[in-house]
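> here is a sequence with its predicted model. Questions after.
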Amino acid sequence: MRCKFLFVLAGLLLHFSLNAQYNFNIKRTVSETNHQIFNASYSTDGKYIITSGSDNKILIWYSETRIIFKTLEGLKKRPNAAVFDEKNKILVSGGEDNTITIWDPLSSNISNTLTGHKAPIQAIALSPDGRLLASGSADKTVRIWDTGREELIYELQGHKKGVNAVSFSPDGSLLASAGADKMIIIWNIANGNKLISKQSHSGWIRDLEFSPDGTMIASCSDDRTIILSQTSDLGVVKKLTGHRDWVQTIGFSPDGKYLLSGGNDRLIILWDVDSGEQLLQSEKQGQIILSVDFSPAKADFISASLLSEELNIWAVSGIDASFPSGLEVKQAGMSVKTKVREEPEKAEEKAVTTAAKSSIPDNSVIEILSPTHQQGIINHDRNSIFLIGRINDPEGTGAIMINRNWITLSEAGIFEFKMNLVKGENPVHLVTGNKSGKISEMNLVINCSS
């Protein structure tokens, strides 16, 4: 799959509907200066968005609050792809320096570098259980790595030109790869053997992905088509036509009923997988579409365009009511269903602000883990700081507001907040609430000497 402050584009409708039942629109746009996005994807749990940029950085964004959670630095060349398995705490990237970088997602530091490819890495994928990593390279090879031991298991040879895409089957037993030789190859993960290979497209294959049930593989190509193939023999099930130029990126919805695509014609199209029908087509975007990815948690998707610092977050309406699956995002003092399309930030902020006026501060609920402070005072000598803390509330809460910015908590109640500082005193106000409506607050002052 291909990943200044954020700002809101409210109510901007960028579509014409091919089927009046369906609709999508940009509900948010986030950006970071000098971070032209080449690849964007959701983490496996949907809590984060990962972007790889021209500034040689990888950014991890909270998908709900849309603020930067982590900035990963230290690469000498551009990362072409990055994947994040939040459950197994695996964060991996590959790029123009021919190497795979394994990151520590907690410290944001590089923990290891895997070498062996002789040309840029153009695609990476994690197995569903997080134990294996696949990398596809312009050197015509696919490599399978053990993420635990951080070592090579197989080098798979069979492509005659560069590999542009790799995808694991949902059960992890198969790997599909495709690239500039117009071939799709399916590999047996147990022994590294080639099972099936077939040329279905007449142009380079840019992306491919297994369907969520594993019965089909979707592939897209410079020949302007998307092909749905049977996994068993790569027989063509459907050929989807409608793009007017190369198709760069595709992505299944988590229930497998829908498929997104984007390409050089600057269009994003939503397809019905069963019928092959176009359901929606966007207006032309500003540049070539490099990445689209459905959220694993709700009926949203993201898109990124060539030479753009902006990541668009889209809302989709009209798709099956069983998608999403009833996931709840619990935030301070209230529970918000993910399918709600109103402006939740404003409602949440109002609720907390109103309740806070009559609340009794309870600093024991909010704990600052790093940096250390003395009676609410932190002395710092740089122009930015990461606050790391924890919410200790037996009733639980899903978020904390810091200086009017919503921060999502981890399952352990941990939060992080990056704050830019000015010389002198920098006040910090933290507020959170539990399901009973009790509000807890903390006030800090950061003294910056630079």
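Structure received.
> element containing residue 80?
Using DSSP states H and E, residue 80 sits within strand 79-85.
> the next helix or strand after that strand to strand 79-85, inter-axis angle?
Counting by DSSP H and E, the element after strand 79-85 in chain order, helix or strand, is strand 90-95. Using axes from the mean of the first three to the mean of the last three CA atoms, to 10 degrees, the inter-axis angle of strand 90-95 relative to strand 79-85 is 170 degrees.
> could I have strand 90-95 exported to CSV, CA atoms only?
Included here for strand 90-95 are C-alpha records, laid out as CSV according to Å, rounded to 0.1, in the frame of the first residue of the first chain:
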residue,chain,number,x,y,z
ILE,A,90,6.5,-3.2,15.1
LEU,A,91,7.3,-0.2,13.0
VAL,A,92,9.3,-0.7,9.8
SER,A,93,10.3,1.4,6.8
GLY,A,94,12.1,0.8,3.5
GLY,A,95,13.4,3.3,0.9
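> give the next helix or strand downstream of that strand.
strand 100-103.
> can you list the strands that that next one pairs with?
When pairing is defined by DSSP bridges, strand 100-103 lines up against strand 90-95 (antiparallel), strand 110-114 (antiparallel).
> hmm, back to that, ok, residues contacting the strand holding residue 80?
Residues outside strand 79-85 that contact it (CB atoms under 8 Å, 6 or more residues apart in numbering): 1-3, 38-39, 41, 43-44, 48, 50-53, 56, 58, 60, 90-96, 101, 105, 120-126, 130. Quick note: C-beta positions are derived from backbone N, CA and C, even for glycine.
> would you map the helices across the stretch 301-450 of the chain?
Taking DSSP state H, counting those that start in this stretch, the helices of the stretch 301-450 of the chain run over residues 344-356.
> residue 441 reaches residue 402, doesn't it?
No: applying CB atoms under 8 Å as the test, residue 441 and residue 402 come out as separate, 11.0 Å apart.
> picking that back up, residues of the strand holding residue 80 that come out buried?
79, 80, 81, 82, 83, 84, 85 (16 or more other CB atoms under 10 Å).
> now do stretch 300-311: distance to the chain's middle.
Averaging C-alpha positions (CA atoms, centre = their mean, to the nearest Å) puts stretch 300-311 11 Å from its chain's average.
> how long is it end to end?
Start-to-end span of stretch 300-311 (CA to CA, to the nearest Å) is 13 Å.
> average pLDDT for it?
For stretch 300-311, mean pLDDT rounds to 92.
> check stretch 106-121 too.
94.
> do the same with stretch 185-205
Per-residue scores along stretch 185-205 average to 96.
> that one: which residues count as buried?
Buried residues in stretch 185-205, defined by neighbour count with 16+ other CB under 10 Å: 185, 186, 187, 189, 196, 197, 200, 201, 204, 205.
> fine, thanks again, bye for now.
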